[in-house]
Each structure stands twice: as structure tokens, then as C-alpha cells.
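*Asks:* Predicted model, plus sequence, below.
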Amino acid sequence: MKAMLCEAFGPPESLRLGSLPDPVPGAGQVLLRVHAAGVNFADTLMIEGKYQEKPPFPFAPGLEVAGTVEAVGEGVTRVEPGQRVLALTEAGGFAELALAAESDVFAIPEAMGFVVAAGFPITYGTAHGALTWRAALQPGESLAVHGAAGGVGLAAVEVGKALGAHVVASAGGAEKLRIAEEHGADALIDYRSEDLRQRLKALTDGRGVDVVFDPVGGPVFEASLRGLAWGGRLVVIGFAGGGEVPQAPANLLLVKNIGVLGFYWGSYRSHAPDLLREQFAELFAWHEAGKLRPLVSEVVPLAEAARALNLLKSRQATGKVVVSVP
């Protein structure tokens, strides 16, 4: 099979289009004919040797795919050959064929195309899980979403609106904020030119926001802590802004009764797979009802996967970037 190969740790430019042996599904595994693969910041870390998982060389990056079931291993009962699905993989998505555990494969609605499905699970799964399982966001509460035009940020804007929150979107620049507004944001903050803490207070009559969804980190994290309402919750998603990992002053948590919650959606795949099945049932229903409108800003052919990864590294992308596999 054709695959985009990582043969040694390095930048996206070090990847090359080559071939790997066709994988064979073992017990409990599903073999997929890949039509499209989502591109994630974690892919850039994996090929540079900075990710928690380090597959043996050579490997293809790619942690989420959409396509059709090619074959199933012993004991698989939830899906069958020919079915349209999306799936989560340990790696290997940037290839013509990919393996996934049965518990990581989900049948997709007929109305959902492969390109949209490929970029759906990690962003919407993260947004939904962070806001419901961890932050317990309630209808009528205020929600601040940082990096609101990126893949996971834009998903959080839409999920927040579906949950009945008043959504404040923050991003760098007018164009990114326009995209967040088109996807339902009620108020906007340009954190390049505006004081984030002051704006969070001003937009809530001095009270502060109830929940912060933060995939950015850095100075945004500090300002968000101080822009939380009494009893507020800040969910740490990641550190796309670069720099040092921020620290939370315990005295501030105490006097404001606020919580800082970590959220790594991928860990639920092994710890609570049934919860993911329930989650995707709700997310697919929201998509069919028009509450979720995933934005795929770039579709890049497999041979140009390096360019797709660089779009994420440079933070030029809005919504999702997807690799198309012929």
C-alpha cells in the first residue's frame, strides 16, 4: 500500500511517499480502506519524537481516518465489510489501508461524507467530553473558547451552543473571529490586541465566565484564571501557543472556589469506551440536526501531507485540515 512514511524523527519535510506491507487485521481489529485522514497537532509531535507514543520506523502518521471496512479480524461483531465508518488509530492514517481496534470504529451517518468524518472524532470528541464530562457546562452559563477558529476550538464553539451556553470566542485576528462568529459565537475577543482578562470581565458585567476551554495555554491561561467567575472551571486541553507549561496558583483556586481540570480525550478509549459510543451517538444526532457544521478549510492529497502538517504547525489553518487518499 502507498503511505506517507516517517523513517526518522524530523520535521514534516522529512516525510516521503513510499510503500508499506498491507496490514492484516488480528483478533478484535478492523482493516479500513482509507478515503481521508484528519490532520492533528499530535501528528507533528509524533514525527518529531515528542509524542508519548513512538511507533517503530518506518511508520505513517495519522490518528483519525474515514473510509470503508475492508476486512475484520476474529471476534469483531460491531462492523462488517463495506460499512462506512470513521476510526481512531494509534498511527498509520496517512496510508491507503489502516488498522483500528473494533472499539475505536464508529459507523457514520449517510449524510456525513468521508472528508468531514475524517476530521470529526478528535475535535468534536474533545470538545464534547471537556464541556460535559469535565466542566459540566449548564444551559445559560457563559463559556470562553480560546483558539476558537482552530479545529478543536471551533468544535467547542458549536458544542457549547448546542449545550445552551453563551459563547465568548477568542482568537488572534479579525478573520479568525469572523469564522467563530459564523459558527455561533455570541461575543468575540481578539487576544492579540485586547486585554483578555478585562474583556472576559466586561462581557459578563464584571462577574467573569463560568467555563473556559483552553487549548492555547501560555499567557492566555493566566488571564483566563483571573477572568473566571466564582465557582468557575477552566479545562486544560493543550498548549498550542507554545512556551512553558503554565502553572495555577493554588491561592487563587482557593479564594475564588475555581477548578482547573485536565482533559485528555484519548484516554477514554481505554478507560471508558462505552462512554465514547454514547458520545458519538449524540454528536452524530446533532450533526444530522444541523447543530454541528464542521469546517474543513484544506483538503490536501496524500503526497502533500507535509504541507498539511505545516499548516497546523504555523497556526495558519482554520477548522480542520484533511488528507485525501485516492
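*Replies:* Good, I have the coordinates. Residues are numbered from 1 along each chain as shown.
*Asks:* Distance of the residue nearest to the spatial centre of the chain relative to residue 110?
*Replies:* By Cα atoms, centre = their mean, the chain has its centre lying nearest to residue 123, at 2.5 Å. Distance, residue 123 to residue 110, by Cβ to Cβ, to the nearest Å: 21 Å. Quick note: C-beta positions are derived from backbone N, CA and C, even for glycine.
*Asks:* re the thing from before, wait, doesn't the residue nearest to the centre of the chain sit right on residue 159?
*Replies:* No: if you go by Cβ atoms under 8 Å, residue 123 and residue 159 don't touch, sitting 9.6 Å apart.
*Asks:* check contacts around the residue nearest to the centre of the chain.
*Replies:* 38, 151-152, 154-155, 294, 320 (Cβ atoms under 8 Å, 6 or more residues apart in numbering).
*Asks:* Apply 6 Å and report the result again.
*Replies:* By Cβ atoms under 6 Å, 6 or more residues apart in numbering, the residues touching residue 123 are 151-152, 155.
*Asks:* can you list the residues you listed in CSV and add secondary structure?
*Replies:* Formatted as CSV, the contacts of residue 123 follow (DSSP: H, G, I helix; E, B strand; the rest coil):
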residue, secondary structure
151, helix
152, helix
155, helix
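*Asks:* With respect to residue 179, which of these is nearest?
*Replies:* Ranked by distance to residue 179 (Cβ to Cβ), these are led by residue 151 at 11.5 Å.
*Asks:* Just give the number of residues close to residue 235.
*Replies:* 25 (other Cβ atoms under 10 Å).
*Asks:* Which residues are in contact with it?
*Replies:* Taking Cβ under 6 Å, 6+ apart, one finds 130, 134-135, 213, 261, 263 in contact with residue 235.
*Asks:* Now the buried members of those.
*Replies:* With burial judged by 16 or more other Cβ atoms under 10 Å, the buried subset of the contacts of residue 235 is 130, 134-135, 213, 263.
*Asks:* TSV for those, including pLDDT?
*Replies:* Formatted as TSV, these follow (pLDDT from 0 to 100):
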residue	pLDDT
130	98
134	97
135	98
213	98
263	97
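*Asks:* And the strands in the stretch 1-150 of the chain, which stretches?
*Replies:* 2-5, 16-19, 29-38, 64-72, 84-88, 97-101, 105-107, 142-146 (DSSP state E, counting those that start in this stretch).
*Asks:* Partner strands of the longest one, with direction?
*Replies:* Read it as strand 29-38. Taking DSSP bridges as the criterion, strand 29-38 sits next to strand 64-72 (antiparallel), strand 97-101 (antiparallel), strand 320-324 (antiparallel) in its sheet.
*Asks:* One more: the shortest one?
*Replies:* The partner list of strand 105-107 in its sheet, established with DSSP bridges, is strand 84-88 (antiparallel).
*Asks:* which outside residues touch the strand it pairs with?
*Replies:* For strand 84-88, the external contacting residues (Cβ under 6 Å, 6+ apart) are 32, 64-66, 68-69, 100, 104-108, 117, 121.
*Asks:* go again using 8 Å as the cut-off
*Replies:* 30, 32, 63-69, 79, 98, 100, 104-108, 110, 114, 117-118, 120-122, 266, 269.
*Asks:* which helices and strands does the strand or helix carrying residue 278 pack with?
*Replies:* If you go by DSSP states H and E, residue 278 is part of helix 273-288. If contacts are counted by 3 or more Cβ pairs under 8 Å, 6 or more residues apart in numbering; DSSP states H and E, helix 273-288 sits against helix 121-129, helix 268-271.
*Asks:* Pull out the buried positions in it.
*Replies:* Neighbour counts over helix 273-288 (16+ other Cβ under 10 Å) mark 276, 279-280, 283-284, 286-287 as buried.
*Asks:* Next: stretch 184-197.
*Replies:* For stretch 184-197, by 16+ other Cβ under 10 Å, it's 184-191, 196-197.
*Asks:* same deal with stretch 121-138?
*Replies:* 121-131, 133-135, 137.
*Asks:* same check, this time on stretch 81-88
*Replies:* For stretch 81-88, by 16+ other Cβ under 10 Å, it's 83-88.
*Asks:* would TSV of those with distance to residue 23 and pLDDT be doable?
*Replies:* Output for the buried residues of stretch 81-88, formatted as TSV (distance: Cβ to Cβ, whole Å; pLDDT from 0 to 100):
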residue	distance to residue 23	pLDDT
83	18	98
84	20	98
85	16	98
86	18	98
87	13	98
88	15	98
